[in-house]
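Asks: what's the 3D shape of this:
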Amino acid sequence: MSVTDLPVVAMLRNRMQWQQTRQKVLAENVANADTPGFRARDLKEPRFRPDGAVAAAGLPVIGMERTSGLHLASAGGGGPSEERTGTRFEMTPSGNAVSLEDEMLKAADNQSDYQLASLLYRKSLQTLRTAVGR
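Replies: Numbering: from 1, shown residues only. All right, here's what the predicted structure looks like:
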């Protein structure tokens, strides 16, 4: 059995990958804060089963939609994301629903969650090395 097959290590690794992808989506929201008609997106949080596997692995892929030919195309194919419907702020007259304050708070929370997951991942591996005797 490999170290990466352990449920705790697999869950932490999946969580960090999800947080990296979420950070990209939040950055796209901030980058499109002035794009007319753009709606902020966010990723659905993964749910883990007791064996460490991701329960939401079969989510459909939702790509970004270009509302104008002048907009840049998305670099990635998208990921399991959803358009946010509820925000604390109103839409601008151009139809843009991105709140920079909300996005920056979410990005800061996501960064601190990623740092916590990476610390737990590192400590788990150190504990395993100690148990093995290295």
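Asks: Could you list the low-pLDDT ranges of this protein?
Replies: Applying pLDDT under 70 to the chain flags residues 1, 4, 48-67, 69, 71-93.
Asks: So which elements touch the lengthiest helix in the chain?
Replies: For the chain, the longest helix by residue count, based on DSSP state H, is helix 100-132. Identification of packing neighbours for helix 100-132 by 3 or more C-beta pairs under 8 Å, 6 or more residues apart in numbering; DSSP states H and E yields helix 7-31. Bear in mind the C-beta positions are built from the backbone N, C-alpha and C, glycine included.
Asks: got the angle between the helix it packs on and helix 100-132?
Replies: Per axes from the mean of the first three to the mean of the last three C-alpha atoms, to 10 degrees, the angle that helix 7-31 makes with helix 100-132 is 160 degrees.
Asks: packing partners for the helix or strand following helix 7-31?
Replies: Next helix or strand after helix 7-31 toward the C-terminus (DSSP states H and E): strand 41-43. If you count contacts as 3+ C-beta pairs under 8 Å, 6+ apart, strand 41-43 packs onto helix 7-31, strand 81-83.
Asks: right, so those: which one is the most enclosed?
Replies: Of the helices and strands packed on strand 41-43, the one with the most neighbours on average (mean count of other C-beta atoms under 10 Å) is helix 7-31, at a mean of 18.
Asks: quick revisit: now the helices and strands packed on strand 41-43 as JSON lines including distance to Gln126?
Replies: Compiled in JSON lines, these are given as follows (distance: least, C-beta to C-beta, whole Å):
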{"stretch": "helix 7-31", "distance to Gln126": "12"}
{"stretch": "strand 81-83", "distance to Gln126": "34"}
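Asks: Buried residues, the longest helix of the chain. List them.
Replies: Neighbour counts over helix 100-132 (16 or more other C-beta atoms under 10 Å) mark Asp102, Glu103, Lys106, Ala107, Asn110, Tyr114, Ala117, Leu120, Tyr121 as buried.
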